[in-house]
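In: structure of the sequence below:
(4 chains)
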4 protein chains.
Amino acid sequence: MSNADSIAKTETLAPENAIKVSATFERNETVRIEAFSDGVFAIAITLLVLGINVPRIRELGAGGSLGSTLLKQWPHYLAFVTSFITIFAKWVNHHRIFSFIQRTDHPFLYWNGLLLLLITFMPFPTALLAEYLLHPEAKAAGAVFAGTYAAIAFAFKGLWHHASKNGRLLAQNVDDREIRQITMQYRYGPLLYLAAFALSFVSVGLSVGLCLCLAVFFGFKGWPTLRLAKRRL
Amino acid sequence: MSNADSIAKTETLAPENAIKVSATFERNETVRIEAFSDGVFAIAITLLVLGINVPRIRELGAGGSLGSTLLKQWPHYLAFVTSFITIFAKWVNHHRIFSFIQRTDHPFLYWNGLLLLLITFMPFPTALLAEYLLHPEAKAAGAVFAGTYAAIAFAFKGLWHHASKNGRLLAQNVDDREIRQITMQYRYGPLLYLAAFALSFVSVGLSVGLCLCLAVFFGFKGWPTLRLAKRRL
Amino acid sequence: MSNADSIAKTETLAPENAIKVSATFERNETVRIEAFSDGVFAIAITLLVLGINVPRIRELGAGGSLGSTLLKQWPHYLAFVTSFITIFAKWVNHHRIFSFIQRTDHPFLYWNGLLLLLITFMPFPTALLAEYLLHPEAKAAGAVFAGTYAAIAFAFKGLWHHASKNGRLLAQNVDDREIRQITMQYRYGPLLYLAAFALSFVSVGLSVGLCLCLAVFFGFKGWPTLRLAKRRL
Amino acid sequence: MSNADSIAKTETLAPENAIKVSATFERNETVRIEAFSDGVFAIAITLLVLGINVPRIRELGAGGSLGSTLLKQWPHYLAFVTSFITIFAKWVNHHRIFSFIQRTDHPFLYWNGLLLLLITFMPFPTALLAEYLLHPEAKAAGAVFAGTYAAIAFAFKGLWHHASKNGRLLAQNVDDREIRQITMQYRYGPLLYLAAFALSFVSVGLSVGLCLCLAVFFGFKGWPTLRLAKRRL
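Out: Numbering: from 1, shown residues only, chains lettered A, B, ... in the order given. So this is what the prediction gives:
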């Protein structure tokens, strides 16, 4: 082969190499979006603690007991734990979805951005619920709390629907059963969170409890298992 | 080849290897700057939520409705969403620029540092706008808000101008059309943000609206597409 | 080999390749959990500073000395330093454990989640101790502080116990002496932290001092040394 | 070769492979410490903005001008910018040091931990300086500010001294001139920061100005340049 040919070849890659290169490029972009998202999840989950009130000495009053003051603010710990488990579970879910995805496009970027917006918003409803759970106005706080969870569920559904429709952004040799299983999960998940939202107008306690159960149920069963291995490489 | 020769060779690399090594080194440095920048973007975007006021029970007053209190502080949500979209869009833009860059130098490091300084500053004008949007002093808050956006646009222009002048820091086999397209974007972007800044003295609402539109417009169209693939490897 | 054969082969990998692929996949998952955990550790350790009170001008009073005000709040610095060293040491320990682990399963994910929940909680007891160390109610704050440390020690024990039982999640060619050494450390660590918790009801100062010593002792001796090298690749 | 031989070989690697493996392992550990440190730098730099006071509506008073209120708190912006540039410059320096390092040991881990402790502490003196720069008690705030900077400089000196003594942790084929240049920088740097600390008792303004100049001078000249390339691979 002449030298000129060799140069030409590196510039206008042979078709089979072009496919490899673009696949690597797309995989890189996906990895990058996932890494950025991971950072946002990790920060949002760590900011939750700022919503737990540190009772100041002057608030304690003379002769006040710190122990009983700390016990009285149990809604702060409940809200913290519920939101922690939820964000952690959403991170697991997010990772599961990305383990199937091999390409990105603009709508996918939008959907992921909407999801991250809602995740970074989480410390707000968490602090709100902590402040008002024992207050007559608890229902408004509960509605914001469960409403945010429902919105996150819908954003996940949108992300997955866009990515999986006709296998648009999925890796090629994907196990159809797993795809169907996730699709099923996102069919019922948002409805159950809507139920938790509706429930918040009846009983905030039940609503928060349902949110917690859903996070545990949908979250932890979502970690990618060995069956995915073949698909990824 | 003698043993001594072989040692000498590993120390003073053959010319073609030296080029490869230095290219790898430069690519590594670029990747590292980008990773650090990504971290800063992710944290700044997640800190925005701390600017949303959680109404305390004692602020609510007797018989106050939490629901209407939450609705009344809609400027907090608007400021949060606008800044979120902007930082997210800036991150997309930042990544797009870095997908063309293959070397770094000191001025580039300075420009990137200036950009990050402005990004980490964002939670301040955001909280300011949230506090004052409905107050007679809204215009000062709006000017700080739009002014920060304009400064970010100029920092991006400076970064890109330095990197792309005579292709200084760009990868070699870059598609000229895309370079020109980005250059065009940075020619008009800062001027449009300046317009938003000027507009803030007339109407804060219009100014914020324009900032939001510009972020969506310039941001999301900037995600690198498949055409870049050949260039990167 | 025919073309059809070759396609079939890439889809249903030869057994020895399937093992390699799944090992790579599992290693990737482990790396990802570790990276997410690292992010949480880094953020929690950096949030501690927010617990140090910045004395406001109006709190200083007329003629008040800033210097003496700053000195008087030494419990804030002590709590900051103690928690910093503890989280840093826990990060070192966490990394040491992960350097032995090559697979993940659901319970491991739960244990790691519990550990991270407690790590992100740390800024709360730290700020509490800083506020109350010189107050008559110090013991309640000390108990929360040492109690959180004890809970972290138990979570680590649980994580390690699950991972190392019958070598469940460990890499194959592991040095048994090191495994036994870590197991030994987690046998006595939680008990010593329990002692610190009990001590907090007698003397908060001694309790905090013991927590600090334990962090230094267990933490820094835990950085993986060269002996691990063979195991990892 | 018999099967048994082959197994034995993978377990007790041939000497030349053992060296390669341990070098890779040590490089991995170094990379990991650097990545964790990067996270801490990125978070600390982004938390600085929380020290900038957002003037509340009730603080503004009737007829108060937001514009002039914002201008009056210029020490907040100065402290923010100075600390941002310093942390950014320290990150550049930290990266430069790590580009020479190929091994870690326990004392190195301690030194790096001390450095990170001081970096995460930075938002405190920054907020303190912002609050008191225009107050009669400014000197105490300035001393804490410059004192923290001096402590960081000494921690860097300790880190570098430990790593570079007899080339202990450095890569093998290092350019001696660069090593000497860094050693020189750390000989004079801490003394200059001590001078800034002493100056804070005379004039806080001059002290902060000197800190700013030193950060720019030592920081940005420290980005690793192409000459390092050969050393790294």
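In: tell me which element the residue sitting nearest the centre point of chain A is part of?
Out: For chain A, the residue nearest the mean C-alpha position is A:Lys90 (3.2 Å; C-alpha atoms, centre = their mean). For A:Lys90, the enclosing helix or strand under DSSP states H and E is helix A:74-98.
In: assign A:Tyr193 to helix, strand or coil.
Out: Three-state call for A:Tyr193 (DSSP: H, G, I helix; E, B strand; the rest coil): helix.
In: hmm, it is touching A:Ala215, no?
Out: No. Between A:Tyr193 and A:Ala215 there is no contact under C-beta atoms under 8 Å: 9.8 Å. From N, CA and C alone the C-beta is placed, and that goes for glycine too.
In: using PDB, write out every CA atom in stretch A:191-204.
Out: Coordinates of each C-alpha in stretch A:191-204 appear next as PDB, following Å, rounded to 0.1, in the frame of the first residue of the first chain:
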ATOM      1  CA  LEU A 191     -49.700   5.100  39.000                       C
ATOM      2  CA  LEU A 192     -48.700   3.800  42.500                       C
ATOM      3  CA  TYR A 193     -46.900   7.100  43.200                       C
ATOM      4  CA  LEU A 194     -50.100   9.000  42.000                       C
ATOM      5  CA  ALA A 195     -52.000   6.900  44.600                       C
ATOM      6  CA  ALA A 196     -49.500   8.000  47.200                       C
ATOM      7  CA  PHE A 197     -50.100  11.600  46.100                       C
ATOM      8  CA  ALA A 198     -53.800  11.200  46.400                       C
ATOM      9  CA  LEU A 199     -53.400   9.500  49.800                       C
ATOM     10  CA  SER A 200     -51.500  12.500  51.100                       C
ATOM     11  CA  PHE A 201     -54.800  14.400  51.200                       C
ATOM     12  CA  VAL A 202     -56.300  11.700  53.500                       C
ATOM     13  CA  SER A 203     -53.300  10.700  55.700                       C
ATOM     14  CA  VAL A 204     -49.800  12.000  55.300                       C
END
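In: what's in contact with it?
Out: For stretch A:191-204, contacts defined as C-beta atoms under 8 Å, 6 or more residues apart in numbering or on different chains pick out A:129, A:133, A:138-139, A:141-143, A:145-147, A:149-150, A:152-153, A:206-207, A:210-211, A:214.
In: circling back: the helix holding A:Lys90 packs against which elements?
Out: helix A:15-47, helix A:106-121, helix A:123-132, helix A:138-164, helix A:204-220, helix C:106-121 (3 or more C-beta pairs under 8 Å, 6 or more residues apart in numbering or on different chains; DSSP states H and E).
In: what's the most buried one of those helices?
Out: Counting by mean count of other C-beta atoms under 10 Å in any protein chain shown, helix A:123-132 has the highest mean neighbour count of the helices and strands packed on helix A:74-98, with a mean of 26.
In: list the contacts of that one.
Out: A:44, A:47-48, A:50-53, A:73, A:75-76, A:78-80, A:82-83, A:138, A:140-142, A:144-145, A:147-148, A:204, A:208, B:49-50, B:52, B:54-57, B:66, B:70.
In: quick one: A:Ala140 from A:Phe201, how far?
Out: Plainly put, A:Ala140 is 10 Å away from A:Phe201 if you go by C-beta to C-beta, to the nearest Å.
In: cool, A:His95 as well?
Out: 34 Å.
In: who has more neighbours, the two?
Out: Neighbours per residue (other C-beta atoms under 10 Å in any protein chain shown) separate A:His95 from A:Phe201, with A:His95 holding more: 20 against 13.
In: hang on, the more buried one packs against A:Thr30?
Out: No. Using C-beta under 8 Å, A:His95 makes no contact with A:Thr30, being 11.9 Å away.
In: confidence score at the nearest residue to A:Val81 once chain neighbours are set aside?
Out: In space, not counting the residues next to it along the chain, A:Val81 is nearest to C:Leu117; the distance is 7.1 Å by C-beta to C-beta, 6 or more residues apart in numbering or on different chains. If you check C:Leu117, the pLDDT there is 95.
In: same question, A:Gly167
Out: pLDDT recorded at A:Gly167 is 77.
In: now swap in A:Asn112 and tell me
Out: 93.
In: correct me, but it touches A:Leu159?
Out: Yes. A:Asn112 lies in contact with A:Leu159 (C-beta under 8 Å); the separation is 6.2 Å.
In: before we move on, the earlier item: and the helices and strands packed on helix A:74-98, which one's lowest on average pLDDT?
Out: Among those, helix A:15-47 scores lowest, at a mean of 78.
In: who's in contact with the residue of chain A found nearest chain D?
Out: At 8.0 Å from chain D, A:Ile43 is the closest residue in chain A, using C-beta to the nearest C-beta. Residues counted as contacts of A:Ile43 (C-beta under 8 Å, 6+ apart) are A:Thr120, B:Ala42, B:Ile43, B:Thr46, B:Leu47, C:Gly39, C:Ile43, D:Ile43.
In: repeat that for 10 Å
Out: A:119-120, A:123, B:39, B:42-47, C:39-40, C:42-43, C:47, D:43, D:46 (C-beta atoms under 10 Å, 6 or more residues apart in numbering or on different chains).
In: look up the closest residue to it, ignoring the ones flanking it.
Out: Closest to A:Ile43 by C-beta to C-beta, 6+ apart is B:Thr46, at 4.0 Å.
In: next one: that neighbour from A:Leu50, what distance?
Out: 11 Å.
In: what's the local residue count around the closest residue in space to A:Ala171 that isn't next to it in sequence?
Out: Computed as C-beta to C-beta, 6+ apart, the closest residue to A:Ala171 that is not its neighbour in sequence is A:Gln102, at 4.3 Å. Using other C-beta under 10 Å, A:Gln102 is surrounded by 18 other residues.
In: hang on, A:Gln102 packs against A:Gln172?
Out: Yes. A:Gln102 sits in contact with A:Gln172 when judged by C-beta atoms under 10 Å, with a separation of 7.7 Å.
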